[in-house]
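K.L.:
from the sequence below, what's the structure:
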Amino acid sequence: MNNYAEQNQSVQSNALHKHVLATGREKLLGHMAMMLFAVLISGSFTLGSMAIPFIEPGAINTVRFLFACVVMGLLVYFAKGKLVIPKAPWRFILLGALMGAYFVLMFMALQTASPVSTAAVFTLIPLMSTGFGYFILSQTTRPVVVISLVIAAIGAVWVIFRGDITALISFDIGYGESIFFVGCMMHAAYSPLVKRLNRGESVMVFTFWTLVASSFWIALYGMGEVVSTNWSELPVIVWVTVAYLAIFTTAGTFFLLQFASLRLPSSKVLAYGYLTPSIIIVLEGLIGHGWVGLPVAFGAMITIIGLIVMNFAPDS
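P.N.:
All right, here's what the predicted structure looks like:
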């Protein structure tokens, strides 16, 4: 149990009380949410790499977030009957800045880096989130969870480099991977901050206002690109990507991430990111880019074993 939360977060007691007393069923739902999260995120890497040659990062993210705000706003309105401006809106401005920067940097990275190499950087998020969880929530992590994270990371890296030791040894971090690393740091801080800043709002309401704040920051950055884009000449893949990103990997993943963050420790929430390289390789095979060999499949199994060990470990 988190002593810091008990002593200093009374204003957030409802949300944190739910987390601390989460039942086995609640924890299972949190794990299932993050499994779906990993699948949806993987699809965004593949589709994003196909769309980004035709549109700038600021433009595509501005449109997707505005679309996602409309979708989530309608859901909140029909569920609650109204939209009320939350207390302490600075919380959402901070969270929106973090996630807005992450998504823009991701698409900037995909201009020069492949989906698989960006997924390599993405797999660093769980370990970074563990560190942020300690500093933000005083949330410690059991040694068995740390070990499982390392096992999963080894398997993910093996998958990323397709079981090629030479490719692994000669790996050179490029510009795209470097800027995406900064974005991943912001993503890693997001999960513990959700728990730190939640003041009893429902997941749906909290998600909506975080989306609104993210849209503000992204529009501030990308409005010039929106205006300069010739929307009528964009290929279909761009519109498919915008729809997918807005519905599934913006509104959908925001909801899933915050749903799981209130039920699981930060290290376990984002550890599912280790599945993305394996899922991306499967997606590339399904769309006709070829299937991997047994060495890569072995790496994927290592990742899954690490996640199984982690999920059966007691929470810190």
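K.L.:
quick one, what contacts Leu94?
P.N.:
With contact taken as C-beta atoms under 8 Å, 6 or more residues apart in numbering, Leu94 is in contact with 193, 197. Placement of C-beta: from N, CA and C, glycine included.
K.L.:
do that again at 10 Å, thanks
P.N.:
Leu94 makes contacts with 189-190, 193, 197, 210, 213, as judged by C-beta atoms under 10 Å, 6 or more residues apart in numbering.
K.L.:
ok, Leu257 next?
P.N.:
When contacts are counted by C-beta under 10 Å, 6+ apart, Leu257 is found next to 33-34, 37, 41, 99, 187, 190-191, 194, 203, 207, 210, 269-270.
K.L.:
apply 7 Å and report the result again.
P.N.:
37, 191 (C-beta atoms under 7 Å, 6 or more residues apart in numbering).
K.L.:
what confidence value was assigned to it?
P.N.:
Each residue has a pLDDT score; the one for Leu257 is 81.
K.L.:
can you tell me the element it falls in?
P.N.:
Taking DSSP states H and E as the criterion, Leu257 maps to helix 253-261.
K.L.:
for Ala152, which non-adjacent residue is spatially closest?
P.N.:
Distance criterion C-beta to C-beta, 6 or more residues apart in numbering; nearest residue to Ala152, sequence neighbours excluded, is Gly306 at 3.1 Å.
K.L.:
count the residues that sit near that neighbour.
P.N.:
22 (other C-beta atoms under 10 Å).
K.L.:
same question, the one 3 residues further on
P.N.:
For Val309, the count of nearby residues is 16 (other C-beta under 10 Å).
K.L.:
what sits closest to Ile151 if chain neighbours are left out?
P.N.:
With C-beta to C-beta, 6+ apart as the criterion, Ile151 has its nearest non-adjacent residue at 3.4 Å, and that residue is Gly306.
K.L.:
go on, Thr249?
P.N.:
Ser44 (4.2 Å).
K.L.:
just Glu201 next, same as before
P.N.:
Pro86 (6.3 Å).
K.L.:
burial measure for Ala120, as a count.
P.N.:
Other residues lying near Ala120 total 21 when counted by other C-beta under 10 Å.
K.L.:
list the contacts of the helix or strand where it lies.
P.N.:
Using DSSP H and E, Ala120 sits within helix 115-122. Residues outside helix 115-122 that contact it (C-beta under 7 Å, 6+ apart): 45-46, 49, 106, 109-110, 157, 160, 176-177, 180-181, 184, 273, 276-277, 280.
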